[in-house]
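Trainee: any chance you can model this:
(2 chains)
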Amino acid sequence: MDTTYIVAFVRSVQDVAGTMLGLDVEVGAPRIHEGSNAGNDVSAIIGLSGDCVGSVALCFSSQTAAGMVGKFVGMEIDPESPDFTDGVGELANMITGGAKSRFSGNRSISISCPSVVIGHGHRVFQQTDMPVIEIPIQSECGEMLIVVSIRAAEEASVRAAG
Amino acid sequence: MRIMLVDDSQTMRNVQKKILAGLGHTDIVEASDGQDALSKVGAANPELILLDWNMPNLDGMGFLKAFRQKNKATPVVMVTTEAEKARVVEAIKAGVNNYLVKPFTPDDLKSKIEVTLARAA
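Mentor: A predicted model of the protein is given here:
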């Protein structure tokens, strides 16, 4: 995977956390994602289309997600409330949108509206024909994983033709 | 002054409402997507619209193009994660008066509103 994508997500999460959550984050070393996110309680998933294709998932425990959304809205948030899933989705939207603007250049790339999955031990599977990288993000709220699986559309076309 | 907030995220609308309240703006009309905004904007008659881009049903650009066919005067600020230059140009061509990229600080929003209203006056 082009490291430009990873750098863009690191910059974007630092920007969103600092600007909208007032939260310092520590970015761990990106690594190949070999599991399926089992053990997380909450995932927010966004698809990319156009000149880049793939998906991005933000994965956290309920406690971490509630802490981050609480920082975002400026008050304690109940993980059972609709505001919780909405806030998680908006975090994913801002982080992915911010990253997209950093790596898109002259390419035309669209992002989908976020989908939020809740349930302990749920599993998220990205496309199997492209590498999946996870970026661990630590903060006072706990750990969040950004799971990135993206490539240029022309690479996808070549693979399909081959 | 009445302000219309158009964003599919209730959380983002709440964040913006809190900032606007701090600036003394409490007459707020909310819409959850472009379609909802089109159905409300005539009766609400806002003096300023803060508009998200990526929304289900009808996105911000779809709303803007339809709205500008009937109303060229009411200032619209696009508030979005879409930060690419080509997107900004596209939005300006379609009739936005200003552009604010998420994430933003309260001061960023305040400044965009002030500049936009001053230009429109």
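Trainee: contacts, neighbours, all on C-alpha from now
Mentor: Fine.
Trainee: is A:A92 in a helix, a strand, or coil?
Mentor: The assignment at A:A92 comes out as helix when based on DSSP: H, G, I helix; E, B strand; the rest coil.
Trainee: report how many residues lie close to it.
Mentor: Using other Cα atoms under 10 Å in any protein chain shown, the number of residues around A:A92 comes to 27.
Trainee: A:S115 now?
Mentor: Neighbours around A:S115, by other Cα under 10 Å: 17.
Trainee: which residues does it bridge with?
Mentor: A:I45 (DSSP bridges).
Trainee: who's in contact with it?
Mentor: Residues near A:S115 by Cα atoms under 8 Å, 6 or more residues apart in numbering or on different chains: A:A44, A:I45, A:I46, A:G89.
Trainee: try B:L38
Mentor: Contacts of B:L38 were listed using Cα under 8 Å, 6+ apart, and they are B:F63, B:F67.
Trainee: what kind of secondary structure is it in?
Mentor: Judged by three-state DSSP, the three-state class of B:L38 is helix.
Trainee: so it versus chain A, what's the distance?
Mentor: 20 Å (Cα to the nearest Cα, to the nearest Å).
Trainee: in the lengthiest helix in chain B, which residues are buried?
Mentor: With secondary structure taken from DSSP state H, chain B has its longest helix at helix B:106-120. Within helix B:106-120, the residues scored as buried using 16 or more other Cα atoms under 10 Å in any protein chain shown are B:P106, B:L109, B:K112, B:I113, B:T116, B:L117.
Trainee: and stretch A:26-33, by the same measure?
Mentor: A:V27, A:P30, A:H33.
Trainee: for those residues, point out the one with the lowest pLDDT.
Mentor: Scanning the buried residues of stretch A:26-33 for pLDDT, the low point is A:H33. It has 85.
Trainee: what is the longest helix of chain B packed up against?
Mentor: The contact analysis (3 or more Cα pairs under 8 Å, 6 or more residues apart in numbering or on different chains; DSSP states H and E) places helix B:106-120 against strand B:76-80, strand B:98-101.
Trainee: quick one, which of the ones you listed is packed in tightest?
Mentor: The highest mean neighbour count among the helices and strands packed on helix B:106-120, using mean count of other Cα atoms under 10 Å in any protein chain shown, belongs to strand B:76-80: a mean of 24.
Trainee: give me the sheet partners of that strand and which way each runs.
Mentor: The strands beside strand B:76-80 in its sheet (DSSP bridges) come out as strand B:48-51 (parallel), strand B:98-101 (parallel).
Trainee: what residues does that strand touch?
Mentor: Contacts of strand B:76-80 (Cα under 8 Å, 6+ apart): B:48-54, B:60, B:91, B:95-102, B:112-113, B:116.
Trainee: next secondary structure element downstream of it?
Mentor: helix B:85-94 (DSSP states H and E).
Trainee: list the buried residues in the longest strand along chain A.
Mentor: Assignment by DSSP state E gives strand A:142-152 as the longest strand of chain A. The neighbour-count check on strand A:142-152 (16+ other Cα under 10 Å) flags A:E143, A:M144, A:L145, A:I146, A:V147, A:V148, A:S149, A:I150, A:R151, A:A152 as buried.
Trainee: if I look at the second one, how far off is B:E82?
Mentor: Put plainly, it is A:M144. 24 Å (Cα to Cα, to the nearest Å).
Trainee: quick one: contacts for the residue most central in space within chain B?
Mentor: Centroid-nearest residue in chain B, with Cα atoms, centre = their mean: B:L50, separated by 1.6 Å. By Cα under 8 Å, 6+ apart, the contact set of B:L50 is B:I3, B:M4, B:L5, B:V6, B:V76, B:V77, B:M78, B:V79.
Trainee: excluding sequence neighbours, find me the nearest residue to A:L58.
Mentor: A:I146 (4.7 Å; Cα to Cα, 6 or more residues apart in numbering or on different chains).
Trainee: shouldn't A:D78 be in contact with A:T85?
Mentor: No - with contact defined as Cα atoms under 8 Å, A:D78 does not reach A:T85; the gap is 9.9 Å.
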